[in-house]
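Undergrad: take a look and give me a structure for this.
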Amino acid sequence: MSAFQNVTVVGAGAWGTALAATARRAGRTTRLYAREPEVAEAVNKGIGNPVYLKGVPLPDGITASTDLGEAVEDTEVVILVVPAQFLRSTAAALTGTLSRGVPVILAAKGIEQGSQMLMSEVAEETLPGYPIAVLSGPSFAAEVARALPAALTLASADETLGKQLIDTLAGPMFRLYQSNDLIGAEIGGAVKNVLAIACGIVEGRGLGDNARAALITRGLAEMVRLGLTKGATRETMMGLAGLGDLVLTCNAMQSRNFSFGYALGQGKSPEDILAKRIAVTEGVTSAVSVTELARSIGIEMPICDAVHAIVHQGRDIDTAMTMLMARPLTFE
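TA: Presented below is the predicted three-dimensional model:
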């Protein structure tokens, strides 16, 4: 089957804008749905996205709209790039607007609070009859928007559709690997944001590279435990959508989650940090939903628990770190 030609990206934050740029560079007719009129206006004038990707040029030919129905009219593929906790309401808004059977790629990383559902589970419930795929992996939006090299995982239960979606989006600097493990891709994307906050705290607190290496390694073990219990494969957890995304997010100030943790480690309060941000820091909400999901299925995730306690329960950082180091010694 040939590549799809018409692509709509729903969500004009940094990552959504970067994916719109990627689709356009791949030669697709590309539309972008934006909530903010100033973003839509700027994109249509060819001056980029001054709110979420300031100073990053976009390829010519992307059109933007603040009307969801207009944005998805006659589209062949929708990429949903809204924050995880808004996926349900956005997907519901697409019902009756989006033509039946149009594939939907989920690029949001998180777990829904309350229901503890993965993004694909939310989409399957709110968009029955629409094929679902998941795009995840190590990718900073600004670098992808600038067409710097990146490699990600695209997971779809339908192998033929997955290949068609890859052919639609892949390019010389945007390499996609095919998978049929949606759960693994989603678990990796959600948990790594929480672990990145922990690594940022370590950096901001000046606790050293040894501590960060330990957090990444033991955090990966937590991610794998949760993923395998939910039905993911170990190969996915050790691939781009798992280990790859974890390594990137836990080692760079470009990561909103790492920089959030760094500010926490420097002594700032969660409220003060978030008040100065426009974009969503997914790990803040994921800290709640990841720990809730883990407890509900009997999985121990002490690092994620510590992040949740620091961010949402006011636990002292030094106390939380001491508690982690004092856990019973065991086999790796």
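
Undergrad: quick one, what contacts residue 259?
TA: Contacts for residue 259 (C-beta atoms under 8 Å, 6 or more residues apart in numbering) come out as 200, 253. Quick note: C-beta positions are derived from backbone N, CA and C, even for glycine.

Undergrad: wasn't residue 9 part of a strand?
TA: Yes. Secondary structure of residue 9 (DSSP: H, G, I helix; E, B strand; the rest coil): part of a strand.

Undergrad: what's around it, how many residues?
TA: By other C-beta atoms under 10 Å, 31 other residues sit near residue 9.

Undergrad: so where is the protein shaky, pLDDT-wise?
TA: The chain contains residues with pLDDT under 70 at 327-332.

Undergrad: may I ask you to name the longest helix in it?
TA: As assigned by DSSP state H, the longest helix anywhere in the chain is helix 182-205.

Undergrad: which is the next helix or strand following that helix?
TA: helix 209-230 (DSSP states H and E).

Undergrad: and stretch 114-131, which residues are buried?
TA: Across stretch 114-131, burial judged by 16 or more other C-beta atoms under 10 Å covers 116-124, 126-127, 130-131.

Undergrad: repeat for stretch 32-43
TA: Those would be 32-34, 36, 39-40, 42-43, for stretch 32-43 by 16+ other C-beta under 10 Å.

Undergrad: so residue 135 sits right up against residue 151, yeah?
TA: No. Using C-beta atoms under 8 Å, residue 135 is not in contact with residue 151; the gap is 11.8 Å.

Undergrad: hey, what's in contact with both of these two?
TA: Here residue 135 and residue 151 share the contacting residues residue 176, scored by C-beta under 8 Å, 6+ apart.

Undergrad: the more surrounded of the two?
TA: The neighbour comparison of residue 135 against residue 151 (other C-beta under 10 Å) goes to residue 135, with 27 against 16.

Undergrad: the nearest residue to that one once chain neighbours are set aside and residue 169, how far apart?
TA: Nearest residue to residue 135 in three dimensions, chain neighbours excluded: residue 107, at 4.8 Å (C-beta to C-beta, 6 or more residues apart in numbering). According to C-beta to C-beta, to the nearest Å, residue 107 stands 11 Å off from residue 169.

Undergrad: who touches both of those two?
TA: Residues touching both residue 107 and residue 169 (C-beta under 8 Å, 6+ apart) are residue 19.

Undergrad: can you tell me which helix or strand the closest residue to residue 252 other than its chain neighbours belongs to?
TA: Residue nearest to residue 252 in three dimensions, not counting chain neighbours: residue 258, with 6.2 Å by C-beta to C-beta, 6+ apart. If you go by DSSP H and E, residue 258 is part of helix 256-265.

Undergrad: tilt between that helix and helix 182-205?
TA: Here helix 256-265 runs at an angle of 30 degrees relative to helix 182-205 (axes from the mean of the first three to the mean of the last three C-alpha atoms, to 10 degrees).

Undergrad: rewinding a little: check the gap between the residue nearest to residue 252 and residue 268 for me.
TA: 14 Å.

Undergrad: more neighbours: which of these two?
TA: residue 258 (28 against 14).

Undergrad: what is the nearest of the buried residues of stretch 114-131 to residue 4?
TA: residue 131 (11.8 Å; C-beta to C-beta).

Undergrad: identify the residues contacting that closest one.
TA: If you count contacts by C-beta under 8 Å, 6+ apart, residue 131 has them with 101, 103-104, 156, 158, 161.

Undergrad: and what of residue 217?
TA: If you count contacts by C-beta under 8 Å, 6+ apart, residue 217 has none.

Undergrad: now residue 100. Nearest residue, chain neighbours left out?
TA: Spatial nearest neighbour of residue 100, excluding adjacent residues (C-beta to C-beta, 6+ apart): residue 129 at 5.9 Å.

Undergrad: okay, strands next: where are they in this structure?
TA: Counting by DSSP state E, the chain has strands at residues 6-10, 29-33, 63-65, 77-80, 104-106, 132-136, 150-156, 174-179.
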